[in-house]
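Trainee: Sequence plus the predicted model coming up.
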Number of protein chains: 2
Amino acid sequence: MVKFPASQLDRTFAALVDPTRREILARLAREDTVSIGELARPFTIKLPAVMKHLDVLSAAGLISRSKQGRVVSVRLAPKPMAEAMDWLRRYERFWSVRLDRLAAYAEAAEAKSGQTSAGENAT
Amino acid sequence: MVKFPASQLDRTFAALVDPTRREILARLAREDTVSIGELARPFTIKLPAVMKHLDVLSAAGLISRSKQGRVVSVRLAPKPMAEAMDWLRRYERFWSVRLDRLAAYAEAAEAKSGQTSAGENAT
């Protein structure tokens, strides 16, 4: 069994718990390097709150910061995200079998109830 | 942009933060239904601690419990796991480009340092 560095996975998943942080990560995935001002703009929360989330992401090793003049920009560190994805992917084939089974069961149940109500309508 | 139910994603990622809970989920992914006694056996932590983790997983909607006689068994609820995976997968293509770029950069740097040291050896 492959051993993953538990503490990095812990930190990555902890960073992903918050919707604002997920939003930030999603934007950084799409846009490469974004200034903090630019990054904070779409949020209704204030800049210090965004900065706090950036601190969490930075401590988790999910982003890196760089400074050019007075502008601080952040960028995604892709490796921990890929590791989190790999962890989930290892088990995906197992749960996808079960999802398919659930879907088939729901379909069968629906077909059956459809037959029943058709039968009811006929009488 | 697809909207994911934020609170379920919050709960799923929060459940994934702990290595013991990840271990439990991994086992449930592979083995379908497992009794709690069986599930607790490989862990060095005590049964009440395992039960606490199961409570967290249950509250997060990641497992369901059933009772047969005196044996309580648990089973994975695959849907939230699939949702977490889907969230990560949406951004994977972006960060995988960057991972490839990092790998290419590291390779180029290595090749260059190899050349340098070969040159140094020649003199």
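Mentor: Everything's here; your move.
Trainee: make it CA atoms for all contacts and neighbour counts henceforth
Mentor: Will do.
Trainee: what's the helix or strand for residue A:73?
Mentor: strand A:71-76 (DSSP states H and E).
Trainee: same thing with residue A:66?
Mentor: strand A:63-68.
Trainee: who's in contact with the strand holding residue A:73?
Mentor: Contacts of strand A:71-76 with the rest of the structure, by CA atoms under 8 Å, 6 or more residues apart in numbering or on different chains, involve A:25, A:28-29, A:32-36, A:62-67, B:95.
Trainee: The lowest-mean-pLDDT helix or strand in chain A vs strand B:71-76, what angle?
Mentor: Here the helix or strand of chain A ranked lowest by mean pLDDT, DSSP states H and E is helix A:78-122, holding a mean of 82. Computed by axes from the mean of the first three to the mean of the last three CA atoms, to 10 degrees, the angle separating helix A:78-122 from strand B:71-76 equals 110 degrees.
Trainee: Helix A:78-122 and chain B in contact?
Mentor: Yes: Helix A:78-122 lies within reach of chain B by CA under 8 Å from any CA of the partner chain, at A:78-79, A:81-82, A:85, A:88-89, A:91-92, A:94-96, A:98-99.
Trainee: related to what we said a few turns ago, widest-spaced pair of the contacts of strand A:71-76?
Mentor: The most widely separated members of the contacts of strand A:71-76 are A:67 and B:95, with 21.8 Å between them, by CA to CA.
Trainee: what number of residues lie near residue A:79?
Mentor: For residue A:79, the count of nearby residues is 16 (other CA atoms under 10 Å in any protein chain shown).
Trainee: hang on, it packs against residue B:97?
Mentor: No: under the criterion of CA atoms under 8 Å, residue A:79 makes no contact with residue B:97, lying 11.2 Å away.
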